[in-house]
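Trainee: Got a predicted model here, sequence first, then my questions.
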Amino acid sequence: MTVYQGEALNILHTIGMDKLYPIVRVHFTVQGQFDRQRFERALMECGQVVPELFCKYVLKDNSFVPVTDDLHGVLFTDVDPDEDSASWDLFTEPQLRVYLNQETAQTAVTIFLSHILTDGAGAKQFLGLLARAYNDGQLTGVKNHQDIKWLHHLIAAHPVTVKKGTDHPARPLSMPRVADQQGQRRRTVSLSLSQDETAALITASHNRVVTLNDLFMAAFGQAVQRFSATDRIALACPTDMRKFIPGEPVVRIANHTSRYNIDVPSDPAAPFEQVVQTVHRAMSANKKAFQCLASVKTLVDNYERYPLAKLQQICEDNYHVRTISYTNFGIVAFHFEGCQITAFDMLGSYRQAPMFQVAVSTYNSQIIFAYAMIGTDEEARLGKTVLLTMRDLLTNYALKFA
């Protein structure tokens with residue numbers, strides 16, 4: 001039997017699964033001359049490059065074992081993706097699920113990827129690979145790389161101290177618990193800046209010499225502070241370590257993510273630009289010190305020495321599931337020949353309210369904020385309020401500094 005061995009960072013997303021099922025969700029609509037048979041062939045081509053997509057995950061030895069050689073259990077048509085995916089079992093079924101739903105003049109495409117197999121940056125690469133296979137008809141010569149030898153070298157070159165408790169802040173951000181729990185269901189919500197608003201925010205970030213990521217984290221932190229009565233912003237910021245790998249970029253549909261941790265004082269009533277500078281200073285110091293490596297160092301150093309339970313405890317200590325969390329997928333770029341893609345959003349896992357995550361992505365020169373939640377209508381409105389508050393903070397910042 002063919003077995004594909006995993007790498008150490010696959011273990012990161014096998015903890016806290018009672019709270020959070022490890023997935024990445026991508027949704028968009030396709031208009032124009034979308035060819036379903038061509039799309040199906042593209043999925044099969046991707047499976048040749050990344051065979052783990054058609055595999056189940058075996059936790060005990062961190063491996064992937066094939067369960068299908070076609071699209072059975074992978075491609076679904078005209079069913080609700082959010083409700084249907086609730087029964088998805090990564091330990092017995094493929095690591096990829098794709099839903100096609102025909103709407104009036106367009107096709108809604110929803111893609112779920114196992115976060116055990118790949119991170120958000122890898123999910124973006126999968127979209128690029130899928131589009132390439134659709135447009136070109138084949139993926140000849142393409143190879144997926146999952147090794148982390150480069151990470152061992154990186155950790156050796158940039159020694160970091162793993163401080164106990166860094167990933168477990170004493171005063172975390174929180175969202176309120178709603179008393180009436182009737183009507184909880186899986187739902188996704190997104191909110192976009194216009195292209196003009198996005199361009200203005202980019203200009204403002206350049207003028208103020210801060211990153212867009214600083215702005216997003218500050219806006220999210222201050223928005224949630226309005227609900228959590230804390231004078232600190234404690235957030236983990238996942239970061240794609242592929243940028244540290246020497247040589248030309250290659251396809252890496254894998255987990256290559258670590259996280260920066262910030263825990264900074266912040267008066268909830270402080271001007272937003274002050275919060276931005278506080279977050280910027282903290283993130284700049286973390287980047288200079290390669291602080292992100294502390295979140296994965298102990299796991300990587302001991303992967304070959306410790307049993308699974310010990311490795312998972314290491315993950316819990318340094319990379320645990322946060323009640324309030326943030327992720328920035330960055331710029332997403334792909335297209336299908338002869339088609340127009342609209343209504344794009346990219347999300348992490350469905351979080352049981354009052355757990356909450358904002359996911360940021362940029363597609364077609366528009367910044368998109370989104371969340372996936374299991375919650376009531378009232379909890380969904382609270383989540384939408386966070387997104388609206390972020391938008392207000394950021395658009396006002398752009399008006400002031402662009």
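Mentor: Everything's here; your move. Residues are numbered from 1 along each chain as shown.

Trainee: Please count neighbours and contacts with C-alpha atoms only from this point.
Mentor: OK.

Trainee: Just name the shakiest helix or strand of this protein by mean pLDDT.
Mentor: Within the chain, no helix or strand scores below helix 308-318, which has a mean of 91 by mean pLDDT, DSSP states H and E.

Trainee: Run through the neighbouring helices and strands of it.
Mentor: In terms of contacts (3 or more CA pairs under 8 Å, 6 or more residues apart in numbering; DSSP states H and E), helix 308-318 is packed against helix 297-302.

Trainee: rerun at 10 Å
Mentor: strand 257-265, helix 297-302 (3 or more CA pairs under 10 Å, 6 or more residues apart in numbering; DSSP states H and E).

Trainee: Tell me which residues are up against the last one.
Mentor: Going back to what we said before, that points to helix 297-302. 7-9, 11-12, 148, 151-152, 155-156, 159-162, 258, 293, 303, 305-306, 310-315, 317-319 (CA atoms under 10 Å, 6 or more residues apart in numbering).

Trainee: For the residue sitting nearest the centre point of the chain, which non-adjacent residue is closest in space?
Mentor: For the chain, Gly120 is the residue whose C-alpha lies nearest the centre (CA atoms, centre = their mean; 4.3 Å). Leaving aside its sequence neighbours, Gly120 sits nearest to Phe329 (CA to CA, 6 or more residues apart in numbering; 6.1 Å).

Trainee: Tell me who's in contact with that neighbour.
Mentor: 119-121, 123-124, 238-240, 346-348, 359-362.

Trainee: helix/strand/coil for it?
Mentor: strand (DSSP: H, G, I helix; E, B strand; the rest coil).

Trainee: how far is stretch 53-72 from where the chain is centred?
Mentor: Its chain's C-alpha centre and that of stretch 53-72 lie 22 Å apart, by CA atoms, centre = their mean, to the nearest Å.

Trainee: still on that earlier bit, give me whichever of the helices and strands packed on helix 308-318 is most buried.
Mentor: Highest mean neighbour count among the helices and strands packed on helix 308-318 (mean count of other CA atoms under 10 Å): strand 257-265, with a mean of 20.

Trainee: Of all the residues in the longest helix seen in the chain, which ones are buried?
Mentor: Longest helix of the chain, by residue count under DSSP state H: helix 377-401. Under the neighbour-count criterion of 16 or more other CA atoms under 10 Å, helix 377-401 has 379-380, 382-384, 386-391, 393-395, 397-398, 401 buried.

Trainee: now do stretch 281-290
Mentor: So stretch 281-290, judged by 16+ other CA under 10 Å, has buried residues Ala282, Met283, Asn286, Phe290.

Trainee: name the element the residue lying closest to Asp263 once chain neighbours are set aside belongs to?
Mentor: In space, and not counting its chain neighbours, Asp263 is closest to Ala234: 4.0 Å by CA to CA, 6+ apart. Using DSSP states H and E, Ala234 sits within strand 232-240.

Trainee: Tell me what angle that strand forms with strand 257-265.
Mentor: 160 degrees (axes from the mean of the first three to the mean of the last three CA atoms, to 10 degrees).

Trainee: any idea of the mean pLDDT in strand 232-240?
Mentor: Strand 232-240 shows a mean pLDDT of 96.

Trainee: Show me what it is packed against.
Mentor: helix 120-136, helix 212-228, strand 257-265, helix 272-288, strand 324-332.

Trainee: will you turn those into a markdown table that also has mean pLDDT and distance to Gln195?
Mentor: Formatted as a markdown table, the helices and strands packed on strand 232-240 follow (pLDDT from 0 to 100; distance: least, CA to CA, whole Å):
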| stretch | mean pLDDT | distance to Gln195 |
| --- | --- | --- |
| helix 120-136 | 97 | 21 |
| helix 212-228 | 96 | 15 |
| strand 257-265 | 96 | 29 |
| helix 272-288 | 97 | 22 |
| strand 324-332 | 97 | 13 |
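
Trainee: Give the other helices and strands that the longest helix of the chain contacts.
Mentor: strand 185-192, helix 195-208, helix 212-228, helix 272-288, strand 356-363, strand 366-375.

Trainee: now these as a markdown table including distance to Pro249?
Mentor: A markdown table is the format used below for these (distance: least, CA to CA, whole Å):
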| stretch | distance to Pro249 |
| --- | --- |
| strand 185-192 | 30 |
| helix 195-208 | 25 |
| helix 212-228 | 22 |
| helix 272-288 | 21 |
| strand 356-363 | 21 |
| strand 366-375 | 25 |
